[in-house]
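Asker: Provided below are the primary sequence and the corresponding predicted coordinates.
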Amino acid sequence: DLDLSYNNLRIIKENSFKNLKNLRWLKLKNNRIESIENSSFFDNVNLKYLNIENNLIAFIRQAIFTGLRSLENLILKSNKIEFIESESFSNLNKLVYLDISNNRLRSILNMTFTGLYMLESLDLTKNPIHDINPFSFKDLEKLISTQNVHKYGLEFNNMKIKNLKQNAFYGLNLKNQFLNLDYNQISIIKKDYLEGLYIVNELRIRNNWIAIIENNAFSSINYLSILKLSNNFISKIDSKMFFNLTTLTELDISNNLLRQIDSFTFMYLIDLKKLYLMRNQIRTIKRYSFYNLRNIVKIDFSFNKIEEIKEYHFNNLVNLQLLMLEGNRIINIDKNSFKNVPNLFRLDLELNDISALKENKFPFVIYLEEMFLSNNKIKYLPPNFFDNVQVSFLYLDKNHIKEINENVFFNRFDLRALNLSDNHIESI
């Protein structure tokens, strides 16, 4: 091993490590290195570990690492790297770990990582990357980690990425892993941006500036299970946007600018189980909006602008268990709204504008574990309203109820908990 850390080295010359053929570890961190001449490590054919972190290197040229055919770990973090030439690492065929974090990279050129067939871990975090060019990650078929301690994946979050180019992620195999593009400045997802990213389990593009997603934008991805698009500026979605996503189980489009859900929007998502649409501006849900969602378990419409639940909205969602409608403007619920929803477990209607509950509201029996009607404007409980609602936990707190009819909860042996706090009850 050779440790030259914490010195005042400014340049690594071509012959600096000449004839050191048995050298296996070399540490050059915390110097003032600005330049590495071509073929500086040409004789170090058995070197496995090279650490040049915390120096002043600005450019990585093609011939710098020539000769390092046994190198497994290369650490370049915390320099001032602004530019990496294409194929700069092409001869590092045994490299497993590459750390270029905390530099000044603004663009990843095509073929930047060509030849890194064995690379398993790549860290590019804390770089102001704006552009990812075509074939930037070609040959990274074994990539499994980017130093994320919770779950394997490829991290590009919290950079300044504005532009993705066609085939930017070509060749990446992220089966059972994620691609994270959160907290960037991406404004559009074109249909060819993700071409070549054939396998990825989870795709995150949250907290960007996305306003447009072209039709078939995700259609080339196989085995995509989770798609997260929250906190963007998406105002419209339709079925062609999600074409071919037959393995998707979770879709999150919350905190966007959606105003309505059109018919057949999710028709290709035949395996979808969780759908998050909260905190949009949704007023309208068209007939057949949830057509073909036979496996859906949870739908969250919380904090939108829905005023009425119509009988066709959720009909025939036979596996739906959780329906969240909290924080809307709901005044009325049609009597057949939950017909053929036999597995509904929790119904949340909290923080709406419901003022009246009609007698015999539902002509069929609804079996619920939890029903939330808190924070509405309910003044009166009709004696027969709950005749066909079998519920274990019922929340009616923070309403305007003044009295409780003696027959309202008569013989309700299924009821385990009832909350009537913060009302105006004068007699029971």
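Answerer: That came through fine. Numbers count the residues shown, from 1 in each chain.
Asker: Run a quick neighbour tally on residue 348.
Answerer: 21 (other Cβ atoms under 10 Å). From N, CA and C alone the C-beta is placed, and that goes for glycine too.
Asker: That one bridge partners, please.
Answerer: Beta-bridge pairing of residue 348 under DSSP bridges involves residue 324, residue 372.
Asker: what about the strands in the stretch 251-400 of the chain?
Answerer: For the stretch 251-400 of the chain, applying DSSP state E, counting those that start in this stretch gives strands covering 260-261, 274-276, 284-285, 298-300, 308-309, 322-324, 332-333, 346-348, 366-372, 389-395.
Asker: hang on, isn't residue 59 packed against residue 82?
Answerer: Yes. Residue 59 is in contact with residue 82 according to Cβ atoms under 8 Å; the separation is 7.0 Å.
Asker: on that earlier part again, redo the strands of the stretch 251-400 of the chain as JSON lines? Include distance to residue 6 and mean pLDDT.
Answerer: JSON lines is the format used below for the strands of the stretch 251-400 of the chain (distance: least, Cβ to Cβ, whole Å; pLDDT from 0 to 100):
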{"stretch": "strand 260-261", "distance to residue 6": "60", "mean pLDDT": "97"}
{"stretch": "strand 274-276", "distance to residue 6": "50", "mean pLDDT": "98"}
{"stretch": "strand 284-285", "distance to residue 6": "64", "mean pLDDT": "96"}
{"stretch": "strand 298-300", "distance to residue 6": "54", "mean pLDDT": "98"}
{"stretch": "strand 308-309", "distance to residue 6": "68", "mean pLDDT": "94"}
{"stretch": "strand 322-324", "distance to residue 6": "56", "mean pLDDT": "97"}
{"stretch": "strand 332-333", "distance to residue 6": "71", "mean pLDDT": "90"}
{"stretch": "strand 346-348", "distance to residue 6": "59", "mean pLDDT": "96"}
{"stretch": "strand 366-372", "distance to residue 6": "61", "mean pLDDT": "92"}
{"stretch": "strand 389-395", "distance to residue 6": "63", "mean pLDDT": "92"}
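Asker: For residue 37, find the nearest of the ones you listed.
Answerer: strand 274-276 (53.9 Å; Cβ to Cβ).
Asker: From the contact counts, what lies against the closest one?
Answerer: strand 250-252, strand 298-300 (3 or more Cβ pairs under 8 Å, 6 or more residues apart in numbering; DSSP states H and E).
Asker: Other residues contacting the first one?
Answerer: The set of residues that contact strand 250-252 without belonging to it, under Cβ atoms under 8 Å, 6 or more residues apart in numbering, is 206, 225-230, 242, 266, 269, 272-276.
Asker: average model confidence for that strand?
Answerer: The average of the pLDDT scores along strand 250-252 is 98.
Asker: Around residue 22, how many other residues sit close by?
Answerer: 9.
Asker: And for residue 215?
Answerer: 12.
Asker: Next: residue 414.
Answerer: Neighbours of residue 414 under the rule other Cβ under 10 Å: 14.
Asker: Could you find the closest non-adjacent residue to it?
Answerer: residue 390 (4.9 Å; Cβ to Cβ, 6 or more residues apart in numbering).
Asker: So which of the contacts of strand 250-252 is the closest to residue 401?
Answerer: Closest approach to residue 401 among the contacts of strand 250-252 (Cβ to Cβ): residue 276, at 32.0 Å.
Asker: Between the helices and strands packed on strand 274-276, which one is closest to residue 306.
Answerer: strand 298-300 (11.9 Å).
Asker: who touches that closest one?
Answerer: 254, 273-278, 290, 314, 317, 320-324.
Asker: Distance check, the nearest residue to residue 321 once chain neighbours are set aside against residue 310.
Answerer: The shortest distance from residue 321 to any non-neighbouring residue, by Cβ to Cβ, 6+ apart, is to residue 345 (4.2 Å). Per Cβ to Cβ, to the nearest Å, residue 345 is found 22 Å from residue 310.
Asker: cool, and residue 396?
Answerer: According to Cβ to Cβ, residue 396 stands 24 Å off from residue 310.
Asker: same deal with residue 328?
Answerer: In terms of Cβ to Cβ, residue 328 sits 13 Å off from residue 310.
Asker: quick one: which of these two has more around it?
Answerer: residue 328 (24 against 17).
Asker: Next, give phi and psi for the more buried one.
Answerer: phi -100, psi -160 (degrees, to the nearest 10).
Asker: so it makes contact with residue 306?
Answerer: Yes. In terms of Cβ under 8 Å, residue 328 counts as a neighbour of residue 306; the distance is 4.3 Å.
Asker: Mutual contacts of these two, please.
Answerer: Common contacts of residue 328 and residue 306 (Cβ under 8 Å, 6+ apart): none found.
Asker: lowest-confidence helix or strand of this protein?
Answerer: When the helices and strands of the chain are scored by mean pLDDT, DSSP states H and E, strand 153-155 comes last with a mean of 73.
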